[in-house]
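Participant: Sequence and predicted model, in that order:
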Amino acid sequence: MFGVPVGDHNFIGREKEIRRLRANFLNGINSILISPRRWGKTSLVDHVRNHLDTPGIVTVYVDAFACRSEYDFYNALAGAIMKQTASQKELWLKNIKDFLLRIVPKLTYSPETYTDFSVSLGITPNEYSPEELLQLAETVAEKKDIELVICIDEFQKLGEFQHSLDFQRRLRSVWQHQKRVSYCLYGSQRHMMMDMFQRRNMPFYQFGDTFFLERIEIETWVEYIVSRYQEAEHDITPQLASEICQVVECHSSYVQQLAWLILTQLNPGEAASFRHLQQGIEDLLDANEMLFLQQISSLTTYQMNFLRAMSTGIVDGFNTRKVINQFNLGSSSSNITRLKQALIDADLVEPIGKKMQFTDPVFARWFKRYIAKHL
């Protein structure tokens, strides 16, 4: 499985992170998860939420990805709290009547089944102040005599709002005093999450227990891949399964995708081979090409040249005259600094100590192929 959060037997590893996150949920400790995109943060949080069967503790999931403004977020937060602290539609509507008296919600039913539905609260500053909405979770928890864990995915989107620092200060000033509510905050843009939670001058500095997800170990992946191939009545050697992991540097989503693309090539009963791996790599690059082309479409010539330098193996020394001249990176070291920051902001590269590396191992491989074709 790839491209979506995974569960059941497709969720593997992460035993240490599961224990730590579960302990935080049970003890009211705020959690911040930071890692590159598609490493399994959402799957990890979902796994802990789905297996948290402690009476009196309710988890609430909020997706901030579509939020473009402060009140977009308040509506998403309030809607999630109302829906996920009630077990049935009628109780959900009663929730809204009990806690959000000054609005009239609009229900939209699924045209296919007419059983699933969504609600639009349409809250504006005329009905509720930010402080009232941010305190809603605590109010609900107190009245229902429960504890809430609010899990907010794509939290870094809040850093893109107008007057974002004021907004973050408002969140922190209310949330830090709540007794019955804790928060799990995570997102897919690592550099923005690190800015929000690791810089001393930011409102959310030291807000909770921060952990950086590591790669799942090759041994765990190999056991999983071999067993899944066996379930599909195919063989794959541990060595080839290990090679799959190494090609994509144990990137969770890409391990799953590459293993799947190899499996789709096999005839009934056929074993996977190195030839299938090579074709799978090409299929993986092709499958992600439109996304990668979109990512580079707005880059300047200098930014593309910087990536081209990295694709040749250069990881530092970009401001040396030799590298500047060879790859046409501009005329000054200040330009190099701007290039680095722009590419970091675009989530294409990241600093590791004093060296730079691609954030996405498949993008790095694709970009090398792209440059070879277009030079």
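Facilitator: Ah, there it is. Remember, it's a predicted structure, so these values are computed and weren't measured experimentally.
Participant: And what about the closest residue to W221 other than its chain neighbours, helix, strand or coil?
Facilitator: Closest residue to W221 apart from its sequence neighbours, by CB to CB, 6 or more residues apart in numbering: C245 at 4.8 Å. In short, each C-beta sits where N, CA and C put it, glycine included. Classification of C245 using DSSP: H, G, I helix; E, B strand; the rest coil returns helix.
Participant: tell me, how many neighbours does C245 end up with?
Facilitator: By other CB atoms under 10 Å, the residues close to C245 number 23.
Participant: In stretch 331-339, which residues are buried?
Facilitator: For stretch 331-339, a neighbour-count test (16 or more other CB atoms under 10 Å) marks 335-336, 339 as buried.
Participant: wait, stretch 127-144
Facilitator: Quick answer for stretch 127-144 (16+ other CB under 10 Å): 128, 130, 132-141, 144.
Participant: again, but for stretch 249-267
Facilitator: Buried positions in stretch 249-267, judged by neighbour count with 16+ other CB under 10 Å: 250-259, 261-263, 266.
Participant: of the buried residues of stretch 331-339, closest to C151?
Facilitator: Closest to C151 out of the buried residues of stretch 331-339 is L339 (36.0 Å), distances taken as CB to CB.
Participant: measure the closest residue to that closest one other than its chain neighbours to I336 for me?
Facilitator: Of all residues not flanking L339 in the chain, F306 sits nearest, at 4.7 Å (CB to CB, 6+ apart). F306 is 8 Å from I336, where distance means CB to CB, to the nearest Å.
Participant: One more: N288?
Facilitator: According to CB to CB, N288 and I336 sit 28 Å apart.
Participant: What helix or strand is the residue nearest to L339 located in?
Facilitator: Take DSSP states H and E as the rule and F306 turns out to sit in helix 301-311.
Participant: now that helix: how far from the chain's centre is it?
Facilitator: Averaging C-alpha positions (CA atoms, centre = their mean, to the nearest Å) puts helix 301-311 26 Å from its chain's average.
Participant: average pLDDT across the helix or strand just after it?
Facilitator: Downstream of helix 301-311, the first helix or strand assigned by DSSP H and E is helix 321-327. Mean per-residue pLDDT for helix 321-327: 93.
Participant: what does helix 321-327 rub up against?
Facilitator: Here helix 321-327 makes contact (CB atoms under 8 Å, 6 or more residues apart in numbering) with 305-306, 308-309, 314, 317-318, 329-331, 336.
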